[in-house]
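A.B. asks: I would like to see how this sequence folds:
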Amino acid sequence: MILAIMEIATNSKYYGMVNSTGSRIFWEVLESIDDLNGVFGNFKAETLRKYWRLISAVKEDEKIINIINEHQKEIDNPLLK
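C.D. replies: Presented below is the predicted three-dimensional model:
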């Protein structure tokens with residue numbers, strides 16, 4: 001999920017998204033795209049926006065990706081959610 005949020009937000013123009021990733025409109029439009037419901041369907045636009053604000057504050061995409069890959073089992077553990 002974290003990597004999917006990063007992909008959409010950092011490559012938004014590739015997906016036809018023109019609004020700022022910090023805007024409410026960006027995440028509401030994303031929520032309305034049927035093809036992405038399988039990925040983001042369980043989350044509301046405002047929740048995705050909140051997650052993106054936290055992720056983007058780090059400013060080191062490579063570091064985030066490496067940490068996610070290293071700790072994938074712990075992150076995906078349903079007991080931690």
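
A.B. asks: who touches residue 41 in this structure?
C.D. replies: By CB atoms under 8 Å, 6 or more residues apart in numbering, residue 41 lies in contact with nothing. Using the backbone N, CA and C atoms, a C-beta is placed for each residue, glycine as well.

A.B. asks: And it, how far from residue 35?
C.D. replies: Using CB to CB, to the nearest Å, we find residue 41 at a distance of 11 Å from residue 35.

A.B. asks: now swap in residue 21 and tell me
C.D. replies: Relative to residue 35, and taking CB to CB, residue 21 is found at 19 Å.

A.B. asks: May I see the buried residues of whichever helix in the chain runs longest?
C.D. replies: Counting by DSSP state H, the longest helix found in the chain is helix 45-56. The neighbour-count check on helix 45-56 (16 or more other CB atoms under 10 Å) flags 45, 48-49, 51-52, 55-56 as buried.

A.B. asks: Could I get the residues you listed in a markdown table, plus columns for distance to residue 67?
C.D. replies: As requested, these are exported to a markdown table (distance: CB to CB, whole Å):
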| residue | distance to residue 67 |
| --- | --- |
| 45 | 26 |
| 48 | 20 |
| 49 | 22 |
| 51 | 15 |
| 52 | 17 |
| 55 | 11 |
| 56 | 15 |
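
A.B. asks: which residues does the closest residue to residue 53 other than its chain neighbours contact?
C.D. replies: In this structure, residue 53 finds its nearest non-sequential neighbour in residue 22, 7.1 Å apart by CB to CB, 6 or more residues apart in numbering. By CB under 8 Å, 6+ apart, the contact set of residue 22 is 49, 52-53.

A.B. asks: between these, which is closest to residue 71?
C.D. replies: Nearest to residue 71 among these: residue 52, at 19.8 Å, using CB to CB.
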